[in-house]
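**Q** Sequence first, predicted coordinates after that:
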Amino acid sequence: EQVSFYSYNLLCGKAEELRRYLVDSIVSGNKLFVVTLNSQIFLRAQQIPDYDEALRHATFHLPDGSGVVWAVKRHCNVVTDRVPGIDTMLYLCEEAKNRGWKVYLLGARPDVVNRAAENLRNKGVNIVGYHHGYFEDQTPAEEIEKLKPDLLFVGMGAPRQELWIYQHMQLPFKLAMGVGGSFDVIAG
Ligand code: UDP
């Protein structure tokens with residue numbers, strides 16, 4: 001079920017249905033910009049108009065935070081599971097492994113993203129490239145253009161990650177999703 005939540009297209013329902021819908025959308029070839037909506041992102045968007053603008057252009061949002069789950073019940077009378085971004089990322093990595101999708105990681109400190117890539121590769125995920133999230137002038141966009149990943153995970157925190165995705169929608173990916181501090185978790 002798609003709910004218009006403050007002009008954001010929020011997907012609501014059972015976690016398993018939401019994940020299946022996400023994978024079906026990737027397979028159907030639509031280019032996806034996915035936001036894992038939580039209170040922190042939501043509040044940032046109220047303060048930064050450009051950020052709000054980027055979030056409005058996301059293909060859809062997933063209810064990452066319990067505050068969002070509560071608010072959508074309260075204001076839209078819709079019940080949804082909470083689907084944390086890290087879980088969604090790991091689920092998509094598993095699908096990527098089984099379907100031969102190429103994955104690129106962008107974000108976090110150099111040593112962290114390096115270890116996250118290594119850990120995912122050890123699980124059989126095809127990480128075709130990665131780059132830390134503290135670049136200024138030199139941009140990883142060119143490399144991503146060449147590598148054509150199917151999944152592009154961007155872990156640079158809010159608002160930077162979604163602003164970056166919105167500005168790089170022309171890059172060849174099937175899905176781009178901001179994942180906050182997930183690389184730190186996966187790096188261990
Ligand atoms: N980060 C980054 N570039 C930046 C700022 C942050 O790559 O310019 C990374 C940071 O190293 C961490 C991730 O973004 O891995 C998430 O940061 P934070 O915990 O602030 O975001 P949250 O998870 O709360 O969205």
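**A** Perfect, I can see it now.
**Q** Going by C-alpha atoms from here, please, whenever you check contacts or count neighbours.
**A** OK.
**Q** nearest residue to D184 other than its sequence neighbours?
**A** Spatial nearest neighbour of D184, excluding adjacent residues (Cα to Cα, 6 or more residues apart in numbering): V112 at 6.0 Å.
**Q** Run through the residues that contact the one you found.
**A** By Cα atoms under 8 Å, 6 or more residues apart in numbering, V112 lies in contact with F183, D184, A187.
**Q** Residues of this structure that sit close to the ligand?
**A** Residues of the chain lying close to the ligand by Cα under 6 Å from any ligand atom are 107-109, 133-134, 155-158, 180-181, 183-184.
**Q** Buried ones among these?
**A** With burial judged by 16 or more other Cα atoms under 10 Å, the buried subset of these is G107, A108, R109, G133, G155, M156, G157, A158, G180, G181, F183, D184.
**Q** Among those residues, which lie within helices?
**A** F183, D184 (DSSP state H).
**Q** Just name the closest of the buried ones among the residues of the chain next to the ligand to I127, please.
**A** Taking Cα to Cα as the measure, I127 lies nearest F183 of these, at 13.0 Å.
**Q** Mind telling me what element the closest residue to the closest one other than its chain neighbours is part of?
**A** The shortest distance from F183 to any non-neighbouring residue, by Cα to Cα, 6+ apart, is to A116 (5.6 Å). Per DSSP states H and E, A116 falls inside helix 110-122.
**Q** quick one: average confidence on that helix?
**A** The pLDDT scores in helix 110-122 average 98.
**Q** C-alpha coordinates for it, CSV please?
**A** Written as CSV, here are the backbone C-alpha positions of helix 110-122 (Å, rounded to 0.1, in the frame of the first residue of the first chain):
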residue,chain,number,x,y,z
PRO,A,110,37.9,4.6,4.1
ASP,A,111,38.8,1.7,6.5
VAL,A,112,35.2,1.2,7.3
VAL,A,113,33.9,0.9,3.8
ASN,A,114,36.8,-1.3,2.9
ARG,A,115,36.0,-3.8,5.7
ALA,A,116,32.2,-3.6,4.9
ALA,A,117,33.0,-4.5,1.2
GLU,A,118,35.3,-7.4,2.4
ASN,A,119,32.7,-8.8,4.7
LEU,A,120,30.0,-8.7,2.0
ARG,A,121,32.3,-10.3,-0.5
ASN,A,122,33.1,-13.1,2.0
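**Q** Beyond it, next helix or strand please.
**A** Next along the chain from helix 110-122, counting by DSSP H and E, comes strand 127-131.
**Q** Tell me the helices and strands packed up against that following strand.
**A** strand 103-107, helix 110-122, helix 141-147 (3 or more Cα pairs under 8 Å, 6 or more residues apart in numbering; DSSP states H and E).
**Q** Now tabulate those in TSV and tack on distance to G13.
**A** What follows is those, written out as TSV (distance: least, Cα to Cα, whole Å):
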stretch	distance to G13
strand 103-107	27
helix 110-122	28
helix 141-147	33
